[in-house]
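Asks: What would the 3D arrangement of this be:
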Amino acid sequence: MTLVNTEQTRLMPWYAKAGAASSIVPLARWVTSRIFTTKDGGYGIAAHVIERLAQGESA
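Replies: Next up, the predicted model:
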């Protein structure tokens, strides 16, 4: 790795370094309907974002 690549990696945001989050969690690892265990013994959460419409806006 060159010095330029090292500097670019250092300035890269965490989400660019994280990689794809597209793996499927096996059913056996789900603790509740929203919490699952990770391969390394940690825990993860399944969440989603809900967009709230401003008052008077239609969908």
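Asks: buried ones in stretch 25-41?
Replies: Phe36 (16 or more other Cβ atoms under 10 Å). (C-beta placed from N, C-alpha, C; glycine too.)
Asks: Would you work out how far apart the start and end of that stretch are?
Replies: Using Cα to Cα, to the nearest Å, one end of stretch 25-41 lies 13 Å from the other.
Asks: what does stretch 16-29 give?
Replies: End-to-end distance (Cα to Cα), stretch 16-29: 26 Å.
Asks: how about the strands in this structure?
Replies: Assigned by DSSP state E, the chain shows strands spanning 35-37, 43-45.
Asks: For Tyr15, find the nearest of those strands.
Replies: Closest to Tyr15 of the strands of the chain is strand 43-45 (Cβ to Cβ; 15.7 Å).
Asks: What is that closest one packed up against?
Replies: Strand 43-45 makes packing contacts with strand 35-37 when contacts are defined by 3 or more Cβ pairs under 8 Å, 6 or more residues apart in numbering; DSSP states H and E.
Asks: could you list every residue that touches His38?
Replies: Not His; residue 38 is Thr. By Cβ atoms under 8 Å, 6 or more residues apart in numbering, the contact set of Thr38 is Arg29, Gly44.
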